[in-house]
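Q: Using only what follows, build the 3D model:
(one chain, ligands or ions: 1)
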Amino acid sequence: MPKLAVIHHRHEDWVAALSEAEPRLEIRGWHPREAMAADPDWLAQAEALFTWRFPEGFLARMPKLHWIQNGGAGVDHLVHHPEIGPEVLITRADGQFGLWMARYVCGHLLAEAQRLNACHAAQLESRWEGKLLPEDLSGQIALVVGFGRIGRQIGRALRELGLEVHGIVRTARSDDEFPLHGLADLSQHLPSARLLVLCAPLTEATRGMVDARLLSQGHPGLTLINVGRGDQVVEPDLLDALDEGRLGRAVLDVFSVEPLAAESPLWRHPKITLTPHHSGPSTPRAMIPDLLDNLRRYAEGRSLVETVDRVRGY
Ligand code: GLV
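A: Got it, this is the predicted structure:
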């Protein structure tokens, strides 16, 4: 039976879900903390690994490794990993995240537009604030950077709320549903935008893309929502832009270093809402439908599909 090792902090759940999805595989799992003590003979025979993070030096225990299924959508931590040889195929999964992330983006945008905090404050004081009107989002421009399955789902949800959605992709291309502009033109579109959503993979092109130069193009009412990767935003530049009124607000789900350090100034900034990287939960329920095809292929000794382009970075 082909073997699939699982190194994951929720390995029990994943072993159960993967075994149910493909019973023709022999699947064993360990917490990343226990990985270095895992059965060496068994690991040495396994050709496949399901993981999010594994300890340094671990892959030397899997000399036959041929396939890594990432336990999430972003593969930036794997594509250039020095322990992963060029012969190893990497696959990712983003199945249901689009819907979760669309709810996240819309939830945070609507909280602001409906002025929920101000309504609640008025309610606490039994104050009838007749002038406390919601903001009209109709026709306002939303730029969604990264327009794969996740970005498109976010774009559709924002469009339903009345916004005019533009996707930002590596290079401009035509699309049946939305205008798609190249990343190089982002700064040109920013001055007219009300919302900037980051949901792109972290690559050399997107690392540090939201910096002082780009933020100087925004306007004081712009809201930035980052559900992509923390390193896409230069944190000191973001703080300066918020403090100097070049950016209205930031909603951050991802950070350069996670968990975010208690002493980070981001925690207490009045124009920042932050959440603990929870916008797209990587649960078996959300991901198994994406994994099924390749699990079957591996069980049957067939070649894998939709593998990551390691040069492109996603
Ligand atoms: C989480 O951030 C993921 O990439 O799935």
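Q: Pretty sure Arg149 sits against Arg92.
A: No. Applying C-beta atoms under 8 Å, one finds Arg149 not in contact with Arg92, separated by 10.9 Å. Quick note: C-beta positions are derived from backbone N, CA and C, even for glycine.
Q: more crowded one of those two?
A: Arg92 (22 against 14; other C-beta atoms under 10 Å).
Q: how near is the more buried one to Gly74?
A: 7 Å (C-beta to C-beta, to the nearest Å).
Q: Show the contacting residues for the closest residue to the ligand within the stretch 1-150 of the chain.
A: Residue nearest to the ligand within the stretch 1-150 of the chain: Gly72 (2.5 Å; C-beta to the nearest ligand atom). Each residue near Gly72 by C-beta atoms under 8 Å, 6 or more residues apart in numbering is listed here: 52, 92-93, 280, 282, 287.
Q: of the residues you listed, list those near the ligand.
A: 280, 282 (C-beta under 6 Å from any ligand atom).
Q: Show me the contacts of Gly72 that map onto helices.
A: Per DSSP state H, helices hold the following members of the contacts of Gly72: Met287.
Q: Throw the contacts of Gly72 into a markdown table and include pLDDT, thanks.
A: What follows is the contacts of Gly72, written out as a markdown table (pLDDT from 0 to 100):
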| residue | pLDDT |
| --- | --- |
| Trp52 | 96 |
| Arg92 | 95 |
| Ala93 | 92 |
| Gly280 | 93 |
| Ser282 | 90 |
| Met287 | 93 |
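Q: tell me the contacts of the spatially most central residue of the chain?
A: Centroid check for the chain by C-alpha atoms, centre = their mean gives Gly228 as the closest residue, at 4.1 Å. Contact analysis of Gly228 by C-beta under 8 Å, 6+ apart lists 74, 145-146, 198-202, 206, 254.
Q: Now list whatever residues contact both of Arg92 and Gly74.
A: Joint contacts of Arg92 and Gly74 (C-beta under 8 Å, 6+ apart) are Tyr314.
Q: hang on, the earlier thing: of the contacts of Gly72, which is the most crowded?
A: Met287 (27 neighbours).
Q: Go ahead and confirm that residue touches Ala93.
A: Yes. Between Met287 and Ala93 there is a contact under C-beta under 8 Å: 4.5 Å.
Q: What about the spatially closest residue to Gln45 that is not a sequence neighbour, how many residues nearby?
A: Excluding the flanking residues, the one nearest Gln45 by C-beta to C-beta, 6 or more residues apart in numbering is Lys3, at 5.8 Å. Neighbour count of Lys3, defined by other C-beta under 10 Å: 19.
Q: From what I see, Lys3 and Glu47 are in contact.
A: Yes. Between Lys3 and Glu47 there is a contact under C-beta under 8 Å: 6.8 Å.
Q: now the helices for this structure?
A: Ranges of helices within the chain are 11-21, 40-45, 76-79, 97-113, 116-124, 149-160, 186-189, 212-215, 235-243, 284-299, based on DSSP H.
Q: How about the contacts made by the residue in the stretch 201-314 of the chain positioned nearest to the ligand?
A: Residue of the stretch 201-314 of the chain nearest the ligand, by C-beta to the nearest ligand atom: Ser282 (5.0 Å). Shown in contact with Ser282 (C-beta under 8 Å, 6+ apart): 52, 71-73, 93, 97.
Q: tell me the domain ranges of this protein?
A: According to automatic domain parsing, the chain comprises the domains 3-95+282-299, 97-274.
Q: Strands along this protein, start to end?
A: 3-7, 26-30, 48-51, 67-70, 89-91, 141-145, 164-169, 180-182, 193-198, 223-226, 249-252, 272-274 (DSSP state E).
Q: Kindly reformat these as TSV containing mean pLDDT.
A: As requested, the strands of the chain are arranged in TSV below (pLDDT from 0 to 100):
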stretch	mean pLDDT
strand 3-7	98
strand 26-30	98
strand 48-51	98
strand 67-70	98
strand 89-91	98
strand 141-145	98
strand 164-169	98
strand 180-182	98
strand 193-198	98
strand 223-226	98
strand 249-252	98
strand 272-274	98
